[in-house]
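> Fold the following and give me the result.
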Amino acid sequence: MPPSPPPSERVLARRRAVGDQIRAARLHANLTQESVALTAGMNLGQYNRIEQGHSSALLDTLIRIADAIGVPLTHLVREE
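Reported below is the predicted structural model:
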């Protein structure tokens, strides 16, 4: 199987937007990155890379993050 192509600029921009929405929801809930990562069952570095938009997250991971913050999944991934 050939390697997948690098993500397009649209995908990278959307990944950053999702990270921004995760950060905004976390801050609104007065939670630390560490507490969300722990509750979501991830390490802090992995969580930080997702929130910064440097790494994409599996759907299961996004569901766990939304649950840890206490918001619906759609709140983290909706397009503005």
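
> residues in contact with Gly53?
Taking Cβ atoms under 8 Å, 6 or more residues apart in numbering, we find Gly53 in contact with Leu12, Arg15, Arg16, Ala17, Val18, Gly19, Asp20. Every residue, glycine included, has its C-beta placed from N, CA and C.

> which one's the longest helix in this protein?
The residue-count maximum for a helix in the chain (DSSP state H) belongs to helix 9-28.

> can you give me the helices in the protein?
Under DSSP H, the chain gives helices at 9-28, 33-40, 44-51, 59-69, 73-77.

> Which residues belonging to the longest helix of the chain are considered buried?
Arg14, Arg15, Val18, Gly19, Gln21, Ile22, Arg23, Ala25, Arg26 (16 or more other Cβ atoms under 10 Å).

> do stretch 52-64 as well
Gly53, Ser56, Ala57, Thr61, Leu62, Arg64.

> For Thr32, state which of the residues you listed is nearest.
Nearest to Thr32 out of those is Arg64 (Cβ to Cβ; 16.2 Å).

> wait, isn't that closest one in contact with Ala40?
Yes: judged on Cβ atoms under 8 Å, Arg64 makes contact with Ala40 at a distance of 4.1 Å.

> Pro7: what's it in contact with?
Shown in contact with Pro7 (Cβ under 8 Å, 6+ apart): Arg15, Ser56.

> rewinding a little: check the offset of the longest helix of the chain from the chain's centre.
7 Å (Cα atoms, centre = their mean, to the nearest Å).

> pLDDT of it, averaged?
On average, the pLDDT along helix 9-28 is 96.

> hey, C-alpha coordinates of it in CSV?
Written as CSV, here are the backbone C-alpha positions of helix 9-28 (Å, rounded to 0.1, in the frame of the first residue of the first chain):
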residue,chain,number,x,y,z
GLU,A,9,-4.0,23.1,3.4
ARG,A,10,-7.8,22.8,4.0
VAL,A,11,-7.3,19.8,6.2
LEU,A,12,-4.5,21.4,8.1
ALA,A,13,-6.6,24.6,8.6
ARG,A,14,-9.6,22.5,9.8
ARG,A,15,-7.4,20.5,12.2
ARG,A,16,-6.2,23.8,13.7
ALA,A,17,-9.8,25.0,14.0
VAL,A,18,-10.8,21.9,15.8
GLY,A,19,-7.9,22.3,18.2
ASP,A,20,-9.0,25.9,18.8
GLN,A,21,-12.5,24.8,19.5
ILE,A,22,-11.3,22.1,21.9
ARG,A,23,-9.1,24.7,23.7
ALA,A,24,-12.0,27.2,23.9
ALA,A,25,-14.3,24.5,25.3
ARG,A,26,-11.7,23.4,27.8
LEU,A,27,-11.0,26.9,29.0
HIS,A,28,-14.7,27.7,29.3
